[in-house]
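Visitor: 3D model of this:
(chains A and B)
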Amino acid sequence: MFKSLLLKGRTLCIIVLCALSSMVVTAQTRITGKVIGSDDKQPVIGATVKIKGTNVGVVTDVNGAFAINANNGDVLVLSYIGYQSKSVTVTGPSLGTIVLAASNSTLNEVVVTGYQTQAKKDITGAVATVNITDAKKIPATSSEQLLQGQAAGVTVVNQGAPGSNSTVFIRGITNFGNTTPLYVVDGVQVGDMSRVNPTDIESISVLKDAGATAIYGISGGNGVIVVTTKKGKAGKTVLSYDAYYGSQVPPGGNVWHLMTPSQQSALAFAAQDGGSQQLYPGGAGTLPTYGYHGGSAFGAFGAAGVTNDAGITAAYNFDFLHPENDFLVQKFNQQGTDWFHTIFKTAPEQSHTITASGGSDKNTYLYSLQYLNQQGTLIETFEKRYQARVNNTYSALNNHVRFGESGYVYYRENNGGSPYNQQQEGGSISNTYREMPLIPQYDIKGNYGGAYDGPTGEPLGNGSNPFAQQERTKNDRAKSWNMQGTVFAEADIFKYFTVRTAFGGNAGNTFYYFTSYNPYENYEPHTNPNGYTEVAQYYYNYNWTNSIAYKETFGKHNVSVFAGYEIRQSGGQQLGVSANNFVTLDPNFLTVAATTLPTSIGLGANTYLYQPTGIESYFGRLDYSYADRYLLGATVRRDGFSIFYPGRQWGTFPSISLGWRISQEDFLKSVSWLQDLKLRGSYGSSGANGNITGTNAYDTYNYGFGNSAYGINGGLNSTTTGYAQTGIGNPKTSWETDKALNIGVDISLFNHLDLTVEWYKKTISGLLFPVPLPSTAGAASAPIVNSGDVQNKGVDIAAAYHGAVGSDFKFNIGANITAYKNKITKVPGDYFTVSNGTRIGSFVREQVGQPIGSFYGYETAGIYQNDADAHYDRANKLNTAGAAYSGAQAGAYIYKDLNGDGKIDANDRTFIGNPNPDFTYGVNLNASYKGFDFSMVLYGSYGNKDFNYVKYWTDTYGAFPGGKDIDLISKSANVVNGVVTNPGATQSAMTISQALGTTIPSTFYIESGSFLKCRVAQIGYNFDPGILKNIGVSKLHVYVQATNLFTITKYSGLDPELVPSVNNLNQGGTQPQQSASFGVDYGAYPNNQKTYLVGVNMSF
Amino acid sequence: MKKLNFKLIALGSIVFLATTYSCKKILDKSPTGVLSGATLANKAGVDGLLIGAYSLLDGYYQGQPGSAFASGISNWSWGGVGSDDSYKGSSTGDQRDEGLTAIEQHVSINPTDGYLGSKWQVCYVGIVRANNVIQEVPLVKDGSLSQAAADIDIAEAKFLRGVYHFELAKIWQNVPYVDETITYAAGNLNAPNPGPIWDKIEADFIAAMTKLPKTQPQAGRANYYAAEAFLAKAYMYDHQYDKALPLLTDCITNGTTASGAKYALEPYNNNFNALTKNGPESVFAAQMTVNDGSNGQNDNAGDVLNFPGGGTYSSCCGFYTPSYHLANAFKVDANGLPMFQIDATTGFPQYDVVNLGNDHGVGPTTAYTPTNEAVDSRLDWTVGRRGIPYLDWGLGGGEPWTRGDLVPYVPIKNVFYHSAQASTTDTQAGWAGSQGVANNYNIIRFADVLLWRAECYILGTATNLAAAEADVNTVRSRAKDPTGWVKTFVDSTDPSKGFTNTPAANYKVGLYTGQFTANGKPYALAALITERQLEFGMEGHRFFDLQRMDGRFGGPMPAGYMAGVMNAYYKADNRIANPTLGIAHFTAGRDEVYPIPQDQIDIEGGKLKQNTNY
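Guide: Residues are numbered from 1 along each chain as shown, chains lettered A, B, ... in the order given. The predicted structure is shown next:
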């Protein structure tokens, strides 16, 4: 049950004022009583006790007790949020203990909105609350994961790497860059909520429409997620311990569906791949015993690179510092190395939180400590965190002045690296399918096996040993500490006013270092020197908010006015240095200064100043309600943002919202099964400023060794510094404007069912986007200008049902659906393409009329059955110039000739898939029977398409050698004398020939990315408090839990849920674009691995 | 209560006032980490911008779209792989989808080809940087820049602008000419490409010549003679031989390098050795440096793929493998002259009827002795062959040194010497990181000037075939001189013991003895074209030499000449059943130039027109 202190304070205040203003009533006796809750039998503190038909009322104290002057026969109405109101007729001076029945309705729940709180029934904007109890059941090292499937309108894409951020969109993707919502954690405006300890979280509200977000003005356009953490409660000190321990299990089996080495040997001959055939001197299906490579013994053993002669092992030579002297020998793995499972192991995770909280009616306190340690199933990945929170409130001067703070500090350690690093072809996961299974994990002397040891000319491929790659990060570390929190003071003045000042901020420091090794075992860079990099950074941001609130009731008119002034600033700095050529990479020795090659010390690439930013804001809000029936909310915010050029810095963001609680109308008041029916709508605007750099307004120049220095004096190694323009300025650029129309209805029925349905239209105009300039502009990056519009329309549905069968069995069902349709309505030049860093070119096109991130390419239509057909298109139109496309022949893909000109070329491309889901949905099931409780959280996504780029490597023979899909044997066309001999073949012929056109972006790569995941299934038991009392424990709940118990999907890769790639670069190739491209699989860190946990929640 | 209220109001007011007052500067934040234009309005700034413009001569810059090897100054892709000089090399799939295979085979060069976009971009970036110098000079008001210095700065900028436009014009012919009036602020960046721009390129070189000094304080700068040679080169491509001739003669008679050395031919391989760069033959070069703090951004990274892909020297990446056809061209007749005459039966040049002996298919474990056929001495400085010293690395490995697509030859001109590895190669980490070299790329070397003059003597209005033959013989005389030949190792298992005086192969180079005059203009021209093929093999010029000979753009040969040469090459190549060129075909009227990058056409919104038939 939700007993918000804030509400308590306010209620208290109002009631006291009411009481003061109604001292005129006479001749009454003092009536006392005590109120307890039906659920926990604890005193209900702050419950309202009001004499029916008057404004006379009091609130209960910390013991749940009240005293009020009333007459016999008066009816007292007792109410408190979370409980059903109760009427008691005064029959004597003491009413004894009154039990308030717990309510299943959420109507009176207090919801934290922008800068304020409101009762749910009074809210007119689109505000979704996360069912925090269910959300917290998911063991998360990054708290954004809690949001997935828990709030209608919020799309969350997670990945499996411990501690890595998730991609969060509120009401769909709204631009091509940063669509991250604003997070407000206890009043601190920050970019994420990843490190907030879930156990500490009291509530999460998601502000979705302009009615709710306009109060955040220029920062609110992508939606706002407001997080509040727990406060202490008046009463005795409660000590609690929440912990879980478990292990995560990677997927088993042949995850990439790869063939065995001997199958690959046969394939090399079937595909007439002369290069690879060198690997198998014994012929198709045979395998050699040893592979070798290197200089010194090359002459003695010849250049073949493979042999069955065990004598080769004697010539082995490994020279760490001089790889050119290596003569490496590996014994091939005849069964095939399961590379995936060399780097994915079952891994433990645990979290322990101790919380102490309590307080008096004046002061409260809460302290919590957390230790979190999640080892990744991908070896050498982990997230370790130590965290402490202190939330205190104090009141003084008869509770007219309140002050306090809430904040936390954490120390965090992991092995560094970008969380998105796996989503690219060089990631260690992608190397588990790119490295040939024939290659052993280790060579004959225990050094790493790799593609180097074999015939020259690369028949072992250009992949890297993924185990080596991962194990070499063993000593890499990123160590951070961070402090975040708010201090505030507020005071009530002139009866109706509350002034408040709050300073919230975030400051931290990260130091990270990593090594690069000579990858002697790989083919491509096996003579690289080793290297080491150290980087230190600090950053800060803060917001200081001063506000004044006014609240008064005039008869049936309720008025509340709120006004504020705020400043926000941010900045920071980074210093990085790297060098190479070290004699050892021993972490106990290594610093950059230890290089043996001082000229290799590079400063600069990692050193820079963060652009300082400043925002100055004025804002106000008016709420008015008449008779609890007609609701009006209006907000306006005026923001100035430093990054825009003077004259373009200030913007005003207004919104208005209206509500009509139809259920309060007289004609519905008597309908007992209808607790609430509210129709509401809002319209307004907010802004987004996340996609702009601090230099955008100015022409800028810079110098760089690699960019503008030149050896003008003709020497071998000295250059002269030169300058070059780096940026073209545009002083006209301003914020993105998000205009949103929202219509919603809230219904509460039968005291059991709550339903919210919302329809919205969000129009985003003036997208901050660098319109690509022709090359005639030079290399200076194009300025970001307001160009491009996007429109999202969608429906959010949330429903909750609370039921009970008998007194022992209770259940809750919560469900929500997030559906949006995204459409680009304007971009310069009608479309642009997004680079994905693949070997098959760009296949994401942002085009007017299409959703953001759409895949663009050819449509396949089967396989040419004989050479003659390849001169015709599907409509049997002859291409007189020859084959329908270069390489079209028997066994090649038929691509649809969409423009009917007889040939297949770039003009035949079309939109082949939309990575945006039709809808995502979450279902929470909870049930309890006596002491047992059961819960399950389901999350699903429907209708999204994934681009399975893994298939380029595993399912085409033209790609570099590596692991190959069994489908290449079972599904590929066999061509004999220009005719396909297995007409049912669905994949193009296995051939080394470079012209078959198998690797261009086409529907071949597109798969359904729909899925349903069982994120959590949990069974727990609550011990009887009566028994526990004897051992000094007030509550003990133990549970066992499985996450990702099942994933239902047709997707053939590891996990259909895909975070964006590190390769999503903008046109200038400089900035990763979070939103422009997603749903592309390079071998992502799977987020559907099963975890089995045991956990405990106990209080003393 | 009243007192309390007063206190609170006072407190609140102070807080509000303090906040408002302290926040005057909240929105006043300067951009960080960059220089403003005003910082550069002085001599040092202008000089720096000029260096920045020079710095793109290597053909790439950090952060460019696409890879360095797609745009490097050597033009190995367009000029070499795209011609009959070389194959793509490496494994079949490598760089295929990036577009290099299409360049090699000419059947389906897609205007979206990544190589096209990179080269186009880098050239225009160089042009814009040169324009930035011209734009900045008038902004200097602090008296630090004298008129004379300003004139030279502008002359060098115009020279560079000419060089970069020249690169574009060779590859695409019809390209926008961008001068300092074309800017973002002026809103005219969507520049059209109505046709060739040779007149504008010539004007820039003329302007540069008038102000450039004959010597410069640094070897890498353009001087008067570099501009003169470039102007002559532009006239050659513009087929204005009579205008080119006096310029070339002046260069030959009076020309000096920027350092003041008289132009002269030097031992052939000095042109491809970092330790002897900027010698008397280097008319104008892209300067390369290593270990300069740039982490491999100035070390001829354009050619970083073009090293053997296996063997003793095993590194990466086996690209740019010389063709059989190129190696065959070095075969000589009994007089030591090239055998370029067309064989009536096969339709191939006589040298191509039978391939020069090579180790194709021999396999790594079988012993192999190089052929004893007589060859031009330049062969083994141009083509790495099995059994012949590969610089000072040991005996070349032939086919086992290539990668994936098996051919018997590997590139050599861009390779560094083992003995000079420490001082002439880079050491940064990264993929193929240690293959950055300090070898310059000579954009024009003196042999070029001599052979252009020969060409003018053949094609100009006052034909002088004897003079042409004399210039050709000047170039051949150097190849004839045994001091510049590849020699055998003292001990081929230990190359560090040095070389003997014994030629590494059966080299035979003869001079022409009146054949030009005797056999007439067609013979002379064919001999000249072949001489260029031999002299500049694997230097990225071949495609453009064929192009400017073709009648399509006003060359002396009929239209379709280039297609004829290329298709004969593909046909000859198919005899060895190399599958890589099986479908290659060169289409006359289209493939003599490359397609304009599609994204530029798209961005320019109709102003930029695609080349014919693409």
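Visitor: mind showing which ranges of chain B have poor pLDDT?
Guide: The model of chain B has pLDDT under 70 over residues B:1-24, B:33, B:93, B:97, B:310-315, B:404-405, B:427-434, B:577-580.
Visitor: so which strand or helix has the closest residue to chain B within the stretch 451-600 of chain A?
Guide: Nearest to chain B in the stretch 451-600 of chain A, going by C-beta to the nearest C-beta, is residue A:456, at a distance of 2.5 Å. Quick note: C-beta positions are derived from backbone N, CA and C, even for glycine. Using DSSP states H and E, residue A:456 maps to neither a helix nor a strand.
Visitor: next one: residue A:383
Guide: Using DSSP H and E, the element containing residue A:383 is strand A:382-396.
Visitor: Next, the buried residues of that strand.
Guide: For strand A:382-396, burial by neighbour count (16 or more other C-beta atoms under 10 Å in any protein chain shown) applies to A:382, A:383, A:384, A:385, A:387, A:389, A:391, A:392, A:393, A:394, A:395.
Visitor: try stretch A:576-590
Guide: Residues of stretch A:576-590 classed as buried by neighbour count (16+ other C-beta under 10 Å): A:576, A:577, A:578, A:579, A:580, A:581, A:582, A:585, A:590.
Visitor: And stretch B:178-186, by the same measure?
Guide: For stretch B:178-186, the neighbour count (16+ other C-beta under 10 Å) marks B:178, B:179, B:180, B:182, B:183, B:184 as buried.
Visitor: Please list which of these also come close to chain A.
Guide: Among the buried residues of stretch B:178-186, proximity to chain A is found for B:178, B:182, B:184 (C-beta under 8 Å from any C-beta of the partner chain).
Visitor: The last one: what secondary structure?
Guide: Here residue B:184 takes the coil state, with states given by DSSP: H, G, I helix; E, B strand; the rest coil.
Visitor: and residue B:56, how many residues sit next to it?
Guide: 32 (other C-beta atoms under 10 Å in any protein chain shown).
Visitor: which non-adjacent residue is nearest it?
Guide: Closest residue in space to residue B:56, ignoring its immediate chain neighbours: residue B:126 at 3.9 Å, by C-beta to C-beta, 6 or more residues apart in numbering or on different chains.
Visitor: and that neighbour, what does it touch?
Guide: By C-beta atoms under 8 Å, 6 or more residues apart in numbering or on different chains, the residues touching residue B:126 are B:53, B:56, B:57, B:160, B:161, B:163, B:164.
Visitor: Which residue lies nearest the spatial centre of the chain?
Guide: Went with chain A since none was named. The centre of chain A sits closest to residue A:166, judged by C-alpha atoms, centre = their mean, with a distance of 1.5 Å.
Visitor: Sorry, I should have been clearer: chain B.
Guide: The residue lying closest to the centre of chain B (C-alpha atoms, centre = their mean) is residue B:74, at 2.3 Å.
Visitor: Next one: it from residue A:863, what distance?
Guide: Distance, residue B:74 to residue A:863, using C-beta to C-beta, to the nearest Å: 41 Å.
Visitor: picking that back up, that's a strand at the residue nearest to the centre of chain B, yeah?
Guide: No. Counting by three-state DSSP, residue B:74 is not part of a strand but coil.
Visitor: what's the closest non-adjacent residue to it?
Guide: Of all residues not flanking residue B:74 in the chain, residue B:540 sits nearest, at 4.6 Å (C-beta to C-beta, 6+ apart).
Visitor: buried stuff in stretch B:90-110?
Guide: So for stretch B:90-110, counting by 16+ other C-beta under 10 Å, buried means B:90-110.
Visitor: Would you tell me whether that stretch gets close to chain A?
Guide: Yes. Stretch B:90-110 comes into contact with chain A (C-beta under 8 Å from any C-beta), by way of B:90, B:91, B:92, B:93, B:94, B:96, B:97, B:98, B:101, B:107, B:108, B:110.
Visitor: gap between the two ends of that stretch?
Guide: Chord length of stretch B:90-110, first to last residue, is 21 Å (C-alpha to C-alpha, to the nearest Å).
Visitor: Can you tell me the SS state at the closest residue in space to residue B:137 that isn't next to it in sequence?
Guide: Of all residues not flanking residue B:137 in the chain, residue B:150 sits nearest, at 5.0 Å (C-beta to C-beta, 6+ apart). Three-state call for residue B:150 (three-state DSSP): helix.
Visitor: Number of residues surrounding residue B:150?
Guide: For residue B:150, using other C-beta under 10 Å, the count is 19.
Visitor: ok now do it, which residues does it touch?
Guide: Here residue B:150 is in contact with B:46, B:137, B:140 (C-beta under 8 Å, 6+ apart).
Visitor: The second one - that's part of a helix, no?
Guide: By that I understand residue B:137. Yes. Under three-state DSSP, residue B:137 sits within a helix.
Visitor: what number of residues lie near it?
Guide: For residue B:137, the count of nearby residues is 22 (other C-beta under 10 Å).
Visitor: Pretty sure it sits against residue B:145.
Guide: Yes. Residue B:137 is within contact range of residue B:145, at 6.9 Å (criterion: C-beta atoms under 8 Å).
Visitor: what is in contact with the two at once?
Guide: Counting by C-beta under 8 Å, 6+ apart, the contacts common to residue B:137 and residue B:145 are B:46, B:153.
Visitor: Among the contacts of residue B:126, name the ones in helices.
Guide: Cross-referencing the contacts of residue B:126 against helices under DSSP state H gives B:53, B:160, B:161, B:163, B:164.
Visitor: Can you flag the buried ones in these?
Guide: Among the ones in helices among the contacts of residue B:126, those classed as buried by 16+ other C-beta under 10 Å are B:53, B:160, B:161, B:163, B:164.
Visitor: Could you export those residues as CSV, including distance to chain A?
Guide: Putting these into CSV (distance: C-beta to the nearest C-beta, whole Å) gives the following:
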residue, distance to chain A
B:53, 8
B:160, 11
B:161, 12
B:163, 14
B:164, 11
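Visitor: Taking these, tell me the two that lie furthest apart.
Guide: Across these, no pair lies farther apart than B:53 and B:163, at 9.8 Å, counting by C-beta to C-beta.
Visitor: List the residues that contact the nearest residue to residue B:581 once chain neighbours are set aside.
Guide: By the measure of C-beta to C-beta, 6+ apart, the closest residue to residue B:581 outside its immediate chain neighbours is residue B:573, 4.8 Å from it. When contacts are counted by C-beta under 8 Å, 6+ apart, residue B:573 touches B:323, B:324, B:325, B:581, B:584.
Visitor: Could you confirm residue A:616 falls within a strand?
Guide: Yes. Residue A:616: assigned to a strand according to three-state DSSP.
Visitor: partner residues bridging it?
Guide: For residue A:616, the beta-bridge partners are residue A:567, residue A:640 (DSSP bridges).
Visitor: export the contacts of residue B:573 to TSV and tack on neighbour count?
Guide: Listed next are those as TSV, based on neighbours: other C-beta atoms under 10 Å in any protein chain shown:
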residue	neighbour count
B:323	25
B:324	24
B:325	25
B:581	20
B:584	19
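Visitor: what's the closest of those residues to residue A:845?
Guide: Closest approach to residue A:845 among the contacts of residue B:573 (C-beta to C-beta): residue B:584, at 30.7 Å.
Visitor: was I right about residue A:803 contacting residue A:814?
Guide: No. With contact defined as C-beta under 8 Å, residue A:803 does not reach residue A:814; the gap is 12.0 Å.
Visitor: Give the residue from the two that has the larger number of neighbours.
Guide: residue A:814 (21 against 14).
Visitor: so what's residue A:175 up against?
Guide: The contact partners of residue A:175, taken as C-beta under 8 Å, 6+ apart, are A:688, A:691, A:736, A:764, A:767, A:768, A:769, A:788, A:790, A:852, A:1075.
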